[in-house]
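*Asks:* Quick one, fold the following:
(one chain, ligands or ions: 1)
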Amino acid sequence: MRLLADVLREWDNRQYKDDEIIKWARSVYEEYNKIDEGVELNQASLPESLFNPVQILELIKTRRSVRRWKESPIPQNIIEKILEAGRWAPSACNRQSCRFIVLNEELQKKLLTDLREDWLKYAPTIIFIGSDKRNYLPVEYDYVPYMDAAVATENMLLMAHALGLGATMVKCTGWDLLEGRSHYYSGKIINMYEGLNLPKYFIPVAIVALGYPERIPKAPARLSSENTCFYERYDMGRNEYVPHSYSDLIDSDKKTLVNVHATSTKELCRIVAKRILKKFANKIGL
Ligand SMILES: Cc1cc2nc3c(=O)[nH]c(=O)nc-3n(C[C@H](O)[C@H](O)[C@H](O)COP(=O)(O)O)c2cc1C
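*Replies:* Alright, predicted model coming up:
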């Protein structure tokens, strides 16, 4: 937009006459400027209890990944609140690329649960979160749809928790669906696309499995702020934590990739991810 402003200023400086394209560019620029105009914030109109930071932090900290549920179904108005929380998530350039598919029927859920973890099939409801990749095609920010979907997912997890439900986010990207797996799984992915009527431009990102909790797990520990938060500059001396699974991952990748010549493990991971994605794209005809 700064570039557009510069071009228009230069156009005016040179006193050129506006043609159709310049008129259109001016209208786009005006519209864009309106986005940030906003409205005056009237503090008095904000109900204080809704925005109580202590309660919000409590909500965030007491949310757990729940993987065992009662059989009772979730009322539709509750599902709608969760979807609303997802729809109101921030998104890059406000492109709102996220799409949410609610699955209550056993046969529909099976299309997904066949592909991911077993316990998912006990969830009374599954929300499948993906992104319409056409939103980002012109610039090819291929990671941005995942970011949009991730923030929307957290919004939904928090809303579900606030409503007394228990939920878990399960990753469900092309990588997760095909990782080290055979054609058997590729067929199931095709079934998923067909059964859920997914368009080719739908990128799967995550599953939220939810219901009324049967059991709430204990909170897994969090790293200290010492290890994770820095001011002004990163302090490697303080950040000595290495997740245990990282070294396992590297080992298993090395095994898978013995025939691939590359200089670093990071490079190996990149190559394998690319191959998996290519395979995935071929299978679903992208
Ligand atoms: C991006 C992401 C992917 C996840 N994928 C899975 C998954 O595939 N399977 C699973 O059981 N849990 C998954 N989880 C849940 C995490 O295991 C869980 O958030 C973590 O252990 C911390 O526990 P808590 O959510 O109860 O605080 C995922 C969470 C995130 C944020």
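*Asks:* what about residue 177, distance to residue 109?
*Replies:* 16 Å (Cβ to Cβ, to the nearest Å). In this view, the C-beta of every residue, glycine as well, is placed from N, C-alpha and C.
*Asks:* just residue 132 next, same as before
*Replies:* Distance, residue 132 to residue 109, by Cβ to Cβ: 22 Å.
*Asks:* Neighbour count for these two, which is higher?
*Replies:* residue 109 (21 against 18; other Cβ atoms under 10 Å).
*Asks:* Which residues does the spatially closest residue to that one that is not a sequence neighbour form beta bridges with?
*Replies:* With Cβ to Cβ, 6 or more residues apart in numbering as the criterion, residue 109 has its nearest non-adjacent residue at 4.8 Å, and that residue is residue 103. Listed beta-bridge partners, residue 103: residue 126 (assigned using DSSP bridges).
*Asks:* Show the contacting residues for residue 103.
*Replies:* Shown in contact with residue 103 (Cβ atoms under 8 Å, 6 or more residues apart in numbering): 109, 112, 125-128, 196.
*Asks:* tell me, how many neighbours does residue 210 end up with?
*Replies:* 27.
*Asks:* Repeat that for residue 95.
*Replies:* Counted with other Cβ under 10 Å, the neighbours of residue 95 add up to 16.
*Asks:* Begin at 20, not 1, for the rest of this chat.
*Replies:* Okay, residue one is now 20; in that scheme the one you just asked about reads as residue 114.
*Asks:* Looking at it now. What's its pLDDT?
*Replies:* Reading off the confidence values, residue 114 has pLDDT 91.
*Asks:* is it true that it touches residue 154?
*Replies:* Yes: judged on Cβ atoms under 8 Å, residue 114 makes contact with residue 154 at a distance of 4.3 Å.
*Asks:* Stretch 99-109: which residues count as buried?
*Replies:* Neighbour-count burial for stretch 99-109 flags 101-102, 104-105, 108 (criterion: 16 or more other Cβ atoms under 10 Å).
*Asks:* and the residue lying closest to residue 234 once chain neighbours are set aside, what does it touch?
*Replies:* Once flanking residues are discounted, residue 234 sits nearest to residue 87: 4.6 Å by Cβ to Cβ, 6+ apart. Neighbouring residues of residue 87 by Cβ under 8 Å, 6+ apart: 138, 141, 232-234.
*Asks:* okay, among those, which ones form the most distant pair?
*Replies:* 138 and 232 (13.1 Å; Cβ to Cβ).
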